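Asker: Quick one, what's the 3D model for this:
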Amino acid sequence: MINLLLFSIVAGIVSAMIMVPLTSTTKEGGPAFNRIGALSSTVVLMAVITFAFYYLTNIDRNWTSLWALFLLVTIAGVVFATGKERSFKIVLALVALAGSAFILTAPFFNANQKYKAVEMEQQVEIKAFDETKTPASVPPQFARNKMKKAFGQVPNTSYYELGNLQIQKVNEEFVYIAPVEFSGFFKWINGKTTPGYFTMSATDSADNPKFVKTEMAYTPSSYFHKQVERHMRMTAPNLIFYGDVQLEIDDDGKPHYIRSYGNFISARNGFDVQGIVMVDPGTGEVNQYSLSEVPEFVDGAVSPEAVSLQNSYFGKYVHGFWNSIVGKKDVKLPSDEGTEANVSPVFDENGHMYYFTDFTSPKEGVDSMLGYALTDGRTGEATYYTGNLEESYMDSQGALQIIEKKFIEKKWTGEMPVLYNFYGEASWLTPVLDSNGFLQNYFIVSAANPEISVFANSPNEALRLYKTALQRGGSTVDGNSNAEEGKTSVTVERVYKERVGDATIVSILANNGRNYIVSTESVPLAIYIQEGDRLAITYYETGELFLPVKEMKNMTIE
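Answerer: A predicted model of the protein is given here:
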């Protein structure tokens, strides 16, 4: 608060010195000009205006943030001054005008700098998903609905409401976290602190929300000096923040509010993330960390808003600003289907969080995907995946449209589409919700072959069906990045063959008690398998009931 007072007083003094004439402006026979009174009253007025503006907006207190005030003050100084003093203040006004023009026109000239600041490494395809794991696929709207129904666990329920929902890893489990927030000013006056937060599994839709009690005084819904954004600003007046505050839970269940800070690309325009500010919501203790120093329990050091901004820079400014407006050569637009600020948090097999975004063409009516990006939630480093350039991938909007048409009579819709590499096939996994926001099933559709799609009550069941659907469609099932190849010789106990299109799916029960599945598209001679045959099989150890076969030799007939 002291810093803001001093900043406002200095701004008021400088403003008064420019606005109030320093030489006599008294007309002959007129009343004497009270210069001291005018200076004093102007200092007070401008200091109050400056204090109120910065206190209410929480804007950074760098001197460049005063550019608009400086321009207005210098113009007023020119109007009130006379003689040589007016000439001097005209020069000041021209300087202020030039500075204002530089700041306002920066977006037209720093597009190349923005692109270089976020330029991504490029690869073809992400690694295959480990189908023995369960993706964090519970949709946030469904989780939020369940948390609202469990809100009776909160003491003094009428004081509070459910805050923003976000996903993170706590104690090696993927969970949704939502703080309990004040529902208004008078509720804050009476309550003083919020009682805690809700947590719910992000992988198990049957999980019930749990309320964790922990009092928090510094929150987004508090007021005055207890509002967490204002508390951060008072502690770090010069930092450039971007994005909303987020609640992060450490492995002991203790909550922390964080917010990303960084630098302008140029002239108060653009943003390049550098680190986070962390607040203990119970005590108000503030710590600042660069991205390389962020505590291990923080998954989203880079705010989703900052990632969304970086994606727009990468997609729009590949050839500069004017190309993004006129020619649009190589321009690609990031999707707006994400769950947090147009991006969707996803986790790899090591539990590391990334923000997913797919890119589409700026041309209207085109639903083909040009590529997709994964941005590291802790470092902000991003990789752009082009996908198989020989195939045309459907974007997230196209996947949602397929779901809408599939369940048009029930009026079900998809939410949170995320692209995975399932069995070597780029595929959209999307939870399907009914009109009340309740989870109905999980839908998987091939991005390259939209006619291949399945849905089931769980992600893992949908994956099992999808594997069969891919083999029916003639695709090669490559297994996952972690599945080891196994080799065995078995005798066929039972065999089941299903004709699908031009291929046959062969399911085998072997004398070792295990089941194998193979398509005649990949092993044509599998059509001749009979009970009692001896087979030499190379398969993928996926841990599933039916193990996909890579290679097979029928030793009985060969």
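Asker: can you give me the helices for this protein?
Answerer: All helices of the chain, identified by DSSP state H, fall at 2-19, 35-57, 67-80, 83-104, 106-109, 111-118, 140-149, 185-191, 228-235, 304-316, 321-325, 396-406, 459-472.
Asker: what's the last one in contact with?
Answerer: Spelled out, it's helix 459-472. 131, 134-135, 137, 203, 422-423, 425, 427, 429, 441-444, 446, 452-456, 477, 500-501, 503, 505, 517-519, 521-522, 544-546, 548 (Cβ atoms under 8 Å, 6 or more residues apart in numbering). Where you see a C-beta, it was placed from the backbone N, CA and C, and this is true even at glycine.
Asker: 6 Å - rerun?
Answerer: With Cβ atoms under 6 Å, 6 or more residues apart in numbering as the test, helix 459-472 has contacts from 131, 134-135, 137, 423, 425, 442, 444, 452, 454, 456, 477, 500, 505, 519.
Asker: before we move on, what about the fourth one?
Answerer: By Cβ under 6 Å, 6+ apart, the residues outside helix 83-104 that reach it are T23, W67, F70, L71, T74, I75, G77, V78, A81, A267, R268.
Asker: which parts of that helix are buried?
Answerer: E85, R86, K89, L92, A93, A96, I103 (16 or more other Cβ atoms under 10 Å).
Asker: and what of the longest one?
Answerer: By neighbour count with 16+ other Cβ under 10 Å, helix 35-57 contains the buried residues L39, T42, V43, M46, A47, T50, F51, Y54, Y55.
Asker: Would you quantify the distance from the last one to I13?
Answerer: Meaning Y55. 19 Å (Cβ to Cβ, to the nearest Å).
Asker: The first one now?
Answerer: When Cβ to Cβ is applied, the distance between L39 and I13 equals 9 Å.
Asker: want to throw the helices of the chain into CSV with mean pLDDT?
Answerer: Converted to CSV, the helices of the chain look like this (pLDDT from 0 to 100):
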stretch, mean pLDDT
helix 2-19, 94
helix 35-57, 94
helix 67-80, 94
helix 83-104, 94
helix 106-109, 93
helix 111-118, 94
helix 140-149, 92
helix 185-191, 94
helix 228-235, 96
helix 304-316, 96
helix 321-325, 92
helix 396-406, 92
helix 459-472, 78
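Asker: Can you tell me which of those is nearest to M353?
Answerer: helix 304-316 (10.7 Å; Cβ to Cβ).
Asker: helices or strands up against that closest one?
Answerer: helix 111-118, strand 333-334, strand 353-360 (3 or more Cβ pairs under 6 Å, 6 or more residues apart in numbering; DSSP states H and E).
Asker: If we ignore the residues flanking it in sequence, what's nearest V14?
Answerer: V73 (8.0 Å; Cβ to Cβ, 6 or more residues apart in numbering).
Asker: Read off the pLDDT value for the closest residue in space to A236 that isn't next to it in sequence.
Answerer: Nearest non-adjacent residue to A236, counting by Cβ to Cβ, 6+ apart: V277, 5.8 Å away. Per-residue pLDDT puts V277 at 98.
Asker: so what's the closest residue to S453 other than its chain neighbours up against?
Answerer: Once flanking residues are discounted, S453 sits nearest to V445: 3.9 Å by Cβ to Cβ, 6+ apart. Listed by Cβ under 6 Å, 6+ apart, the contact set of V445 reads A399, I402, W428, S453.
Asker: which of those lies closest to I167?
Answerer: The closest of these, once distances to I167 are taken by Cβ to Cβ, is W428, at 18.5 Å.
Asker: The nearest residue to the closest one once chain neighbours are set aside and P431, how far apart?
Answerer: Nearest non-adjacent residue to W428, counting by Cβ to Cβ, 6+ apart: A399, 4.0 Å away. Distance of A399 to P431, computed by Cβ to Cβ: 12 Å.
Asker: More neighbours: which of those two?
Answerer: A399 (29 against 24; other Cβ atoms under 10 Å).
Asker: Do I have it right that that one meets L419?
Answerer: No - contact criterion Cβ atoms under 6 Å: A399 and L419 do not qualify, at 8.7 Å.
Asker: Mind listing the shared neighbours of these two?
Answerer: The contact lists of A399 and L419 share W428, where a contact means Cβ under 6 Å, 6+ apart.
Asker: Give the buried residues for stretch 545-558.
Answerer: Buried, per 16+ other Cβ under 10 Å, within stretch 545-558: F546, L547, P548, V549, K550, M552, N554.
Asker: thinking again about what came up before, deepest-packed of the helices of the chain, please.
Answerer: Neighbour counts (mean count of other Cβ atoms under 10 Å) averaged over each of the helices of the chain peak at helix 304-316, with a mean of 24.
Asker: now that one against strand 353-360, angle please.
Answerer: Put simply, helix 304-316 runs at 40 degrees to strand 353-360, going by axes from the mean of the first three to the mean of the last three Cα atoms, to 10 degrees.
Asker: ok, back up a step: neighbours of the residue nearest to A236, just the number please.
Answerer: Neighbours of V277 (other Cβ under 10 Å): 22.
Asker: and if you look at the one 5 residues further on?
Answerer: Summarising burial for G282: neighbours were counted as other Cβ under 10 Å, giving 15.
Asker: what sits against it?
Answerer: M216.
Asker: swap in R144?
Answerer: Taking Cβ under 6 Å, 6+ apart, one finds L165 in contact with R144.
Asker: gap between it and G152?
Answerer: Counting by Cβ to Cβ - R144 and G152 are separated by 16 Å.
Asker: So, low pLDDT: which residues of the stretch 301-450 of the chain?
Answerer: 365 (pLDDT under 70).
Asker: Centre of the chain to the lengthiest strand in the chain, how far?
Answerer: Secondary structure of the chain per DSSP state E: the longest strand is strand 484-500. Mean-position distance between strand 484-500 and its chain equals 43 Å (Cα atoms, centre = their mean, to the nearest Å).
Asker: who does it pair up with?
Answerer: As defined by DSSP bridges, the strand partners of strand 484-500 come to strand 503-510 (antiparallel), strand 534-541 (antiparallel).
Asker: D376: which of the ones you listed is closest?
Answerer: Closest among the strands paired with strand 484-500, using Cβ to Cβ: strand 534-541, at 28.8 Å.
Asker: now could you export just the CA positions of that closest one as PDB?
Answerer: Extracted as PDB, the C-alpha positions of strand 534-541 are listed here (Å, rounded to 0.1, in the frame of the first residue of the first chain):
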ATOM      1  CA  ARG A 534       0.300 -74.800 -33.600                       C
ATOM      2  CA  LEU A 535       1.000 -71.100 -33.900                       C
ATOM      3  CA  ALA A 536       4.200 -69.100 -33.500                       C
ATOM      4  CA  ILE A 537       3.000 -65.600 -32.500                       C
ATOM      5  CA  THR A 538       4.700 -62.300 -32.000                       C
ATOM      6  CA  TYR A 539       2.300 -60.000 -30.100                       C
ATOM      7  CA  TYR A 540       2.100 -56.900 -28.000                       C
ATOM      8  CA  GLU A 541       2.000 -57.300 -24.200                       C
END
